[in-house]
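J.: missing the sequence, but the structure's below:
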């Protein structure tokens, strides 16, 4: 009798916990990505040299965007177009590519990829990597990303 009662109590607890988990599960839409995001990213072994700025994403017929970013130790922002933007079916992940076209490294423009994931509304984190024309010593390093929804100027 005691064993049956214990099993019933455990099952009831499991049902309550699973219902709570399902209720707290957040779902996202494409609109959760749209707008301005304050971002910071850096190469994993160079956290003291962050890029910071703002990503602007719009959804019309297709997803498009650009970012204004301050390279490490710079007072002038670069305006960079985001390319190959794709939002995953679950709407929680955004992938794309950045080409730094204002300077060349080893004869070409620095190209980086990124994969960002909404952790909760208004906050993402992610990783990327250098694809081509990487600065010396950065080819195999992860790029660590973080972003928060920019506050409205109103």
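T.: The structure has been received and is ready for your questions. Just so you know, these numbers come straight off a predicted model, no measurement behind them. Numbering: from 1, shown residues only.
J.: Would you agree residue 150 is in contact with residue 53?
T.: No - between residue 150 and residue 53 there is no contact under CB atoms under 8 Å: 10.5 Å. Bear in mind the C-beta positions are built from the backbone N, C-alpha and C, glycine included.
J.: Look up how far residue 136 lies from residue 75.
T.: Relative to residue 136, residue 75 is positioned 24 Å away (CB to CB, to the nearest Å).
J.: Residue 41 now?
T.: Taking CB to CB, one finds residue 41 at 19 Å from residue 136.
J.: returning to that earlier point: so what sits against both of residue 150 and residue 53?
T.: residue 38 (CB atoms under 8 Å, 6 or more residues apart in numbering).
J.: quick one, which of these two is more surrounded?
T.: residue 53 (19 against 15; other CB atoms under 10 Å).
J.: between residue 41 and residue 136, which one's more packed in?
T.: Counting neighbours by other CB under 10 Å for residue 41 and for residue 136 shows that residue 41 has the greater number, 22 against 7.
J.: which residues does that one form a beta bridge with?
T.: Under DSSP bridges, the beta-bridge partners of residue 41 are residue 51, residue 145.
J.: thought it was touching residue 50?
T.: Yes - Residue 41 lies in contact with residue 50 (CB under 8 Å); the separation is 6.8 Å.
J.: For the residue positioned nearest the centre of the chain, which residues are in contact?
T.: Nearest to the geometric centre of the chain sits residue 116, at 2.5 Å (CA atoms, centre = their mean). By CB under 8 Å, 6+ apart, the residues touching residue 116 are 93, 94, 95, 124, 125, 126, 145, 147.
J.: Residue 97 now?
T.: Taking CB under 8 Å, 6+ apart as the contact definition, residue 97 lies against 82, 83, 84, 111, 112, 113, 114, 131.
J.: so which of those comes closest to residue 70?
T.: Distance to residue 70, by CB to CB, is smallest for residue 112 among the contacts of residue 97, at 15.4 Å.
J.: any idea whether the closest one is helix, strand or coil?
T.: Per DSSP: H, G, I helix; E, B strand; the rest coil, the secondary structure class of residue 112 is strand.
J.: quick one on the thing from earlier: please pick the buried ones from the contacts of residue 116.
T.: 93, 94, 95, 124, 126, 145, 147 (16 or more other CB atoms under 10 Å).
J.: Which of these sits closest to residue 71?
T.: residue 145 (15.1 Å).
J.: Distance check, that closest one against residue 50.
T.: Computed as CB to CB, the residue 145 to residue 50 distance reads 10 Å.
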